[in-house]
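Peer 1: Here you go, sequence then predicted model.
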Amino acid sequence: MPQFVPVDDPADPRVARYVAVRERDLVGHGRRFIAEGEVVLRHLLSRRRFALESLLVAEKRLGHLADELAQVPAGVPVYVASQGVMDAIVGFHIHRGVLAIGLRGEEPTAEALLAGLGPHALVVALVGIANHDNMGGIFRNAAAFGADAVLIDETSCDPLYRKAIRVSVGASLIVPFAREGNGDGLVDLLARHGFEAVALSPRGRERLSDLPRPGRVALLLGAEGPGLPEALLARTRSVRIPMAAGFDSLNVATTSGIALHHLAMQG
């Protein structure tokens, strides 16, 4: 059973890591990350991919979370507070009433991650994705359509940022990922492991609907606005999603969902 610890003072030092969560997000949590909400907690507990350091739960949510709390490893503190005290600790109204602090382990290299995949693998590779909502949405789609891994270049944001985890509904805690190098380096790495790189762009040379699924395929996505660099499009199989006349822009997370669905249905 978990170790329940009542907290009635927002200044209690035992919950210091939960204080002013939004401000802490801006400077990072080191090897820790914040998971928010019941569904995200369920993924965090069920996969055992990341260690759990502690929980902060609104008292009124205890009964509803009985199944999840029963899975909390022995010795992990579950801090329990009234809704008002929890809001004061966090710095805003935390209506989900559930926060957890997870611990990052040793992350795999992109090389090791690709080497462990099978002959019919589907990978997403991200270049310059700096928006946490988009990052979370892409991971959510990757999980929904069975992507085996996500590769992230050095300019992309952190998939374990609180908002990215929340938008992904916990998918960034499930789908394996690795961060390495720049877009060109990722394409080189994918080629060494037998992946065909398919780059999504309104300027793509082929239509997505005409694309047959390669055995090992990597879907490359760039940031909204600038998109993928021309040099990267030139050395990959560039694909476009046809749109209505006069409009050629889709949200990158939406694009990922359309493209992943197309590839997954041919799996």
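Peer 2: Alright, I've got the coordinates.

Peer 1: Show the subsequent helix or strand relative to the strand ranked longest in the chain.
Peer 2: Longest strand in the chain by number of residues (criterion: DSSP state E): strand 51-58. Following strand 51-58 in sequence order, the next helix or strand is helix 66-69 (DSSP states H and E).

Peer 1: The helix or strand following that following helix packs against which elements?
Peer 2: Next helix or strand after helix 66-69 toward the C-terminus (DSSP H and E): strand 77-81. The contact analysis (3 or more C-beta pairs under 8 Å, 6 or more residues apart in numbering; DSSP states H and E) places strand 77-81 against strand 3-6, strand 51-58. C-beta: built from backbone N, CA, C; applies to glycine.

Peer 1: can we see that at 10 Å?
Peer 2: Judged by 3 or more C-beta pairs under 10 Å, 6 or more residues apart in numbering; DSSP states H and E, strand 77-81 is in contact with strand 3-6, strand 51-58, helix 83-90.

Peer 1: Looking at those, which one is packed in the most?
Peer 2: strand 51-58 (a mean of 21; mean count of other C-beta atoms under 10 Å).

Peer 1: What pairs with that strand, parallel or antiparallel?
Peer 2: For strand 51-58, the paired strands and their directions (DSSP bridges) read strand 77-81 (parallel), strand 98-103 (antiparallel).

Peer 1: do you know which of the ones you listed lies nearest Asn182?
Peer 2: strand 98-103 (28.0 Å; C-beta to C-beta).

Peer 1: what comes up buried for the closest one?
Peer 2: Of all the residues in strand 98-103, those buried under the rule 16 or more other C-beta atoms under 10 Å are 98-102.

Peer 1: Which pair in these has the greatest spatial separation?
Peer 2: Farthest-apart pair in the buried residues of strand 98-103 is Val98 and Gly102; separation 12.8 Å (C-beta to C-beta).

Peer 1: Find the residues that touch each one of these two.
Peer 2: 35, 40-41 (C-beta atoms under 10 Å, 6 or more residues apart in numbering).

Peer 1: Kindly give the local confidence score, pLDDT, for Asp25.
Peer 2: Predicted confidence (pLDDT) for Asp25: 67.

Peer 1: Number the residues from 168 up from this point.
Peer 2: Taking 168 as the first residue, the last one we looked at is Asp192.

Peer 1: Show me the shaky parts of the stretch 268-417 of the chain.
Peer 2: Within the stretch 268-417 of the chain, the segments meeting pLDDT under 70 span 415.

Peer 1: so where do the helices sit in it?
Peer 2: For the stretch 268-417 of the chain, applying DSSP state H, counting those that start in this stretch gives helices covering 277-282, 299-311, 329-334, 350-359, 397-401.

Peer 1: sorry, back to before: out of the helices and strands packed on strand 244-248, nearest to Ala431?
Peer 2: Nearest to Ala431, of all the helices and strands packed on strand 244-248, is strand 218-225, at 31.1 Å by C-beta to C-beta.

Peer 1: Show the average pLDDT along that closest one.
Peer 2: Averaging pLDDT along strand 218-225 gives 96.

Peer 1: how about that strand as PDB, C-alpha atoms only?
Peer 2: Presented in PDB, the C-alpha positions along strand 218-225 are these (Å, rounded to 0.1, in the frame of the first residue of the first chain):
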ATOM      1  CA  ALA A 218      10.300   5.600 -11.600                       C
ATOM      2  CA  LEU A 219       7.700   7.400  -9.400                       C
ATOM      3  CA  GLU A 220       9.100   9.700  -6.800                       C
ATOM      4  CA  SER A 221       5.900  11.000  -5.200                       C
ATOM      5  CA  LEU A 222       2.200  11.900  -5.700                       C
ATOM      6  CA  LEU A 223       0.200  15.000  -4.700                       C
ATOM      7  CA  VAL A 224      -3.600  14.200  -4.600                       C
ATOM      8  CA  ALA A 225      -6.600  16.300  -3.700                       C
END
